[in-house]
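could you work out the structure for the sequence below:
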Amino acid sequence: MNKVILMGRLTRDPETRYTQTNNTLVSSFSLAINRRFAKPGEERQADFINIVAWSKLGEFCSKYFKKGQQVGVIGRIQTRTWDDDQGAKHYVTEVVAEEAYFADSKREAEVNANTFENTFGNTMPGNMGSDFEVSSNDDLPF
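Numbering: from 1, shown residues only. Alright, predicted model coming up:
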């Protein structure tokens, strides 16, 4: 089984391009993921993981993900190799995203929502066309 679940912060805005063969959109970005533990007195360390998202998911990531946002990604690890023009062989390991989510805290999400609304209007992804709203005064059965 090859399944990866990651949560981290984008180190840069996603970079989008199209394949030469069939013009498929591909978006790539990197996540900084804090390691769970640090030795006493040492700075916390992070791993930097390259992510690739294809087609509709890639379009979503390129449109809504920005540097510094905390996001969750579910996907699979993929390795590939290629030879450059000088004949040198290159190896890369990356995560191919199958799902991607916003993972900021509520306060950070509100700040990001204000930025989003100023840029794109009133509709947030996931709420498009939805009239459903829960206020803190509603009695919920759960």
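
got any ranges where the protein has weak pLDDT?
106-142 (pLDDT under 70).

tell me the SS of the spatially most central residue of it?
In the chain, the residue lying closest to the centroid (CA atoms, centre = their mean) is residue 71, at 4.9 Å. Secondary structure, DSSP: H, G, I helix; E, B strand; the rest coil: residue 71 is strand.

can you show me the helices along the chain?
55-64, 106-120 (DSSP state H).

what about the nearest residue to the residue nearest to the centre of the chain once chain neighbours are set aside, neighbour count?
Once flanking residues are discounted, residue 71 sits nearest to residue 103: 5.3 Å by CB to CB, 6 or more residues apart in numbering. Glycine gets a C-beta too; all of them are placed from N, C-alpha and C. Using other CB atoms under 10 Å, residue 103 has 16 neighbouring residues.

now residue 103: how far from residue 10?
11 Å (CB to CB, to the nearest Å).

same check on residue 94?
Residue 94 is 15 Å from residue 10, by CB to CB.

just grab the bridge partners of the residue nearest to the centre of the chain for me.
residue 8, residue 102 (DSSP bridges).

residue contacts, the nearest residue to residue 74 once chain neighbours are set aside?
Of all residues not flanking residue 74 in the chain, residue 99 sits nearest, at 4.2 Å (CB to CB, 6+ apart). Listed by CB atoms under 8 Å, 6 or more residues apart in numbering, the contact set of residue 99 reads 57, 73, 74, 75.

surely the third one and residue 51 touch.
No - shown here, residue 74 and residue 51 do not form a contact pair, counting by CB atoms under 8 Å, at 10.7 Å.

joint contacts of the two?
6, 97.

comparing the two, which residue is more hemmed in?
residue 51 (24 against 15).

roughly how far apart are that one and residue 39?
Taken as CB to CB, the span from residue 51 to residue 39 is 28 Å.

same question, residue 78
In this view, residue 78 and residue 39 are 32 Å apart by CB to CB.
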